[in-house]
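Q: Build me a model from this:
(2 chains)
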There are 2 protein chains.
Amino acid sequence: MRTRPLKVALLGCGVVGSEVARIMTTHAADLAARIGAPVELAGVAVRRPSKVREGIPQELVTTDATALVKRGDIDVVVEVIGGIEPARSLITTAFEHGASVVSANKALLAQDGAALHAAAGQHGKDLYYEAAVAGAIPLIRPLRESLAGDKVNRVLGIVNGTTNFILDKMDSTGAGYQEALDEATALGYAEADPTADVEGFDAAAKAAILAGIAFHTRVRLDDVYREGMTEVTASDFASAKNMGCTIKLLAICERAEDGRSVTARVHPAMIPLTHPLASVRGAYNAVFVESDASGQLMFYGPGAGGAPTASAVLGDLVAVCRNRLSGTTGPGESAYAALTVSGMGEVVTRYHISLDVADKPGVLAQVATVFAEHGVSIDTVRQQGKDGEASLVVVTHRASDAALGGTVEALRKLDTVRGVASIMRVEGE
Amino acid sequence: MRTRPLKVALLGCGVVGSEVARIMTTHAADLAARIGAPVELAGVAVRRPSKVREGIPQELVTTDATALVKRGDIDVVVEVIGGIEPARSLITTAFEHGASVVSANKALLAQDGAALHAAAGQHGKDLYYEAAVAGAIPLIRPLRESLAGDKVNRVLGIVNGTTNFILDKMDSTGAGYQEALDEATALGYAEADPTADVEGFDAAAKAAILAGIAFHTRVRLDDVYREGMTEVTASDFASAKNMGCTIKLLAICERAEDGRSVTARVHPAMIPLTHPLASVRGAYNAVFVESDASGQLMFYGPGAGGAPTASAVLGDLVAVCRNRLSGTTGPGESAYAALTVSGMGEVVTRYHISLDVADKPGVLAQVATVFAEHGVSIDTVRQQGKDGEASLVVVTHRASDAALGGTVEALRKLDTVRGVASIMRVEGE
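A: Next comes the predicted model:
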């Protein structure tokens, strides 16, 4: 084994960074054996240098992250700051000064992955980011390496623990959205401002990253259709139960049937209780992958948290250090397929639509005619009425989102339709 | 991209081999893009050369596997023959003649993994075998690379599809073992001679491989305790249901609490219905991994079959070809931890014991005394009696297998105990 240590610069020492530093110390002998050389924490860039950080010698702490990544003797920069800047500049500077990079930064990778990969490639360095998607769950490496000989057709994932906790709570207790969110906040599963989670921004960034890797093509954050889960109601869960389903916020990346285009989207959806994703409870994450040869695979585990995320960071750190010792780099960006990324209108799926209608003869015929005119085939209809008010629940066969949109627009114009109570996609069948 | 192709020799062209050849042809452009060079099927060694194999030019077919691996221009040998010989000699000869090897051979890897890794290392070649454990499910790469910065404490897996199909059938229909086996045979899930599956030999080979990789130590096939599932009865399933459990044939690799020794075992066990492994249906496989930092992960998918196994083989093929192009090798055997592998007596778990006893006063006191004398603490006891016959179901707290064995031996000597109807371990809590 080489005795001269590989030098690691840690950018950020919050929940994840402090766990990375802790494990680097407590597991030093194991890491050295697995890498083939010791690794040494050479510097830790923080915002508040005066804070006492157990196990981290004060002389390693600096507020000057730029100077740290410019030192020239750093082998690997671990970026766990998050956000776009200064993370982006620091990573680019790290490549320029000879370091490889391990990052947990989903927002940055989703927005600027292509440019960062290009910078890494230009300098012959590694850019690894297993921790950016679904925390500890090995996902990027399996997709990029284990399935490198296969053709992935669909990725269907629960990639946000906060929203899964909330939806699971609504499902199991009958609670409304606000009540479940309040509990998630009280337990620390939701942040004070939960927007990034509940509006699907976090999941959309992960969907962009997953789609790019799964389909070997570039998928920008703007390409991802996004719909949050704040409007999911207890009544939607009751409807789901009637169908033998539950509701999950899903990130869905799909190859179109012609194979030439892909879509990526995040929205709440009904999935059958028999689907493996339906039983993913609490704040856990799970990603279901469908491929030509391997069939259906699922990867399950904690999607967030300091130690789980640090586990993913350290797995990458070992790989990058090993590459460095053998003078090579791992697989970089693979975007050769250059597929078209289609918009939401092209997505084909099933729909569960609840309509408030007048309780009089002929309504169903009118509604059915509108579906037929838009080429949306109806699977089942359930009619419930009392006191002149009625509801109509329609479940469709597979249809494009554009066709469904046209149908709903026309339904709203019918005199007998008082309102469209909810529209939910049905996935995983 | 390099235009000169990498040459692949395929040893075996059965269910898996023919799928490997098919995908190499149909996905040639994708494989080339992902590897950075085209791959070419340079020869296929078979036993019956006269059999027509769609898509494989007759001039590539040979019965002389040794001559094929000795050609000297082969970059990667894909071994999907199975069994110990001639696979072992062919792999060794391949390394000697400059090729790297991708194998799906669990029996060989479990028995001779250390020697084969040594041969690969000596010649600076790769030995990859993702397909040897749990078919298409990425498991070896995640354990070896994604979790390289973590400390794995336990691997708990359903790694044999045949037995899971049988047990799932018994659970869902109340069928007995023989009836469920007959159905598995009729549907092609069980072989004419099901011994390797139902007696746990197949799972034991996978447990040896998984334990070695998870704990960075050598675990020989002989180190794995093995108990088949042919004696599981409908009555055991009824007992399991009473406990909120089901029964699975599990491969369990555990680190002892002192961290210095490990155990590996295969046996039927009760697991709670709330455990993610409990809902693994039919012939699917799933492996649950518990680590210090990442917590609980699960990997799920098809554990066998031509196309899924070929997917895993091709993922390895891409990795090995990439290594070859960059003049490096991937992670080889990692056995630096050199831990003691303890026997079954050291295993600590819970037990569900059914006793046939005389229905008279004092029996429970006698039985409880025997447990206490052997240091096995009782969690619950349930007593059922009629017509002078009675049964006693005891569920214990955690105890060593040795202590439980001593307890059962003493119980058998009691006049009031007519027989020990069943002993089953309780896992996953």
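Q: What residues sit buried inside stretch A:369-388?
A: With burial defined by 16 or more other C-beta atoms under 10 Å in any protein chain shown, the residues of stretch A:369-388 counted as buried are A:370-371, A:374, A:376, A:378, A:381. The way it works is simple: take the backbone N, C-alpha and C, and place the C-beta from them, glycine included.
Q: what two of those are the furthest from one another?
A: The largest distance within those, taken as C-beta to C-beta, falls between A:His374 and A:Val381 and amounts to 15.6 Å.
Q: contacting residues for A:Arg324?
A: For A:Arg324, the contact set (C-beta atoms under 8 Å, 6 or more residues apart in numbering or on different chains) comprises A:6, A:75-76, A:100, A:126.
Q: Report the residue ranges of every domain in chain A.
A: Taking automatic domain parsing as the criterion, chain A consists of the domains A:6-136+A:306-325, A:142-302, A:347-426.
Q: picking up where we left off before, among the contacts of A:Arg324, which are in strands?
A: Among these, the residues falling in strands (DSSP state E) are A:6, A:76, A:100.
Q: What parts of the stretch 201-350 of chain A come near chain B?
A: Along the stretch 201-350 of chain A, the residues adjacent to chain B under the rule C-beta under 8 Å from any C-beta of the partner chain are A:216, A:276, A:279, A:291-302, A:305, A:307-308, A:310-319, A:322, A:326-329, A:331, A:334, A:336-337.
Q: Please name the nearest non-neighbouring residue to A:Asp415.
A: Leaving aside its sequence neighbours, A:Asp415 sits nearest to A:Ala358 (C-beta to C-beta, 6 or more residues apart in numbering or on different chains; 7.8 Å).
Q: So that neighbour sits against A:Arg418, correct?
A: Yes. Taking C-beta atoms under 8 Å as the definition, A:Ala358 is a contact partner of A:Arg418 at 6.8 Å.
Q: joint contacts of these two?
A: A:Glu389.
Q: which SS state does the residue in the stretch 201-350 of chain A that chain B sits nearest to fall under?
A: Distance from chain B to each residue of the stretch 201-350 of chain A (C-beta to the nearest C-beta) is smallest for A:Leu314, at 2.3 Å. Using DSSP: H, G, I helix; E, B strand; the rest coil, the secondary structure recorded for A:Leu314 is helix.
Q: Chain B versus A:Gly385, what's the distance?
A: Distance of A:Gly385 to chain B, computed by C-beta to the nearest C-beta, to the nearest Å: 38 Å.
Q: Could I get the full set of helices for chain A?
A: Shown for chain A, the helices assigned by DSSP state H span residues A:15-26, A:28-35, A:65-69, A:87-96, A:106-122, A:140-141, A:161-173, A:177-186, A:195-198, A:201-215, A:234-242, A:306-325, A:363-373, A:401-412.
Q: and A:His97, how many residues sit next to it?
A: The burial metric for A:His97, expressed as a neighbour count using other C-beta atoms under 10 Å in any protein chain shown, is 17.
Q: OK, contacts around the residue lying closest to A:Val426 once chain neighbours are set aside?
A: Nearest non-adjacent residue to A:Val426, counting by C-beta to C-beta, 6+ apart: A:Arg350, 4.1 Å away. The neighbours of A:Arg350, taking C-beta under 8 Å, 6+ apart as the test, are A:379, A:395-399, A:425-427, A:429.
Q: Reformat those into CSV and put pLDDT next to each item.
A: Shown next, in CSV, are those (pLDDT from 0 to 100):
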residue, pLDDT
A:Asp379, 95
A:Val395, 96
A:Thr396, 97
A:His397, 97
A:Arg398, 97
A:Ala399, 97
A:Arg425, 97
A:Val426, 97
A:Glu427, 97
A:Glu429, 80
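Q: Among those, find me the one that's closest to chain B.
A: Looking across those and measuring by C-beta to the nearest C-beta, the closest to chain B is A:Glu429, at 16.2 Å.
Q: Now do the contacts for A:Glu427.
A: Taking C-beta under 8 Å, 6+ apart as the test, what A:Glu427 contacts is A:156, A:250, A:252, A:269-271, A:349-350.
Q: Filter those down to just the ones in strands.
A: Helix and strand membership here follows DSSP E; of the contacts of A:Glu427, those in strands are A:156, A:250, A:252, A:269-271, A:349-350.
Q: And the residue sitting furthest away from the middle of chain A, its phi and psi?
A: Each residue of chain A has a distance to the centre, and by C-alpha atoms, centre = their mean the biggest one is for A:Pro361: 46.2 Å. When quoted as degrees, to the nearest 10, the phi and psi of A:Pro361 stand at phi -60, psi 150.
Q: Enumerate the residue intervals of chain A where per-residue confidence is below the cut-off.
A: Residue ranges of chain A with pLDDT under 70: none are present.
Q: At the geometric centre of it, which residue do we find?
A: When chain A is reduced to its mean C-alpha position, the nearest residue by C-alpha atoms, centre = their mean turns out to be A:Lys206, at 3.2 Å.
Q: Hmm, it is touching A:Val159, no?
A: Yes. Assessed by C-beta under 8 Å, A:Lys206 is found in contact with A:Val159 at 4.4 Å.
Q: quick revisit: can I get the buried part of the ones in strands among the contacts of A:Arg324 as one ChimeraX selection?
A: Filtering these down to the buried ones (16+ other C-beta under 10 Å) takes a single ChimeraX command:
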select /A:6,76,100
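Q: Residue of the stretch 1-150 of chain A closest to chain B, please.
A: Going by C-beta to the nearest C-beta, chain B is nearest to A:Gly149 of the stretch 1-150 of chain A, at 2.3 Å.
Q: still on that earlier bit, to B:Met344, which of the domains of chain A lies closest?
A: With distances scored as C-beta to C-beta, the stretch of those nearest to B:Met344 is domain A:6-136+A:306-325 (27.0 Å).
Q: Could you work out the end-to-end span of that closest one for me?
A: Chord length of domain A:6-136+A:306-325, first to last residue, is 9 Å (C-alpha to C-alpha, to the nearest Å).
Q: Work out the gap between that domain and the centre of the chain.
A: Here the centre of domain A:6-136+A:306-325 is set off from its chain's centre by 21 Å, with C-alpha atoms, centre = their mean, to the nearest Å.
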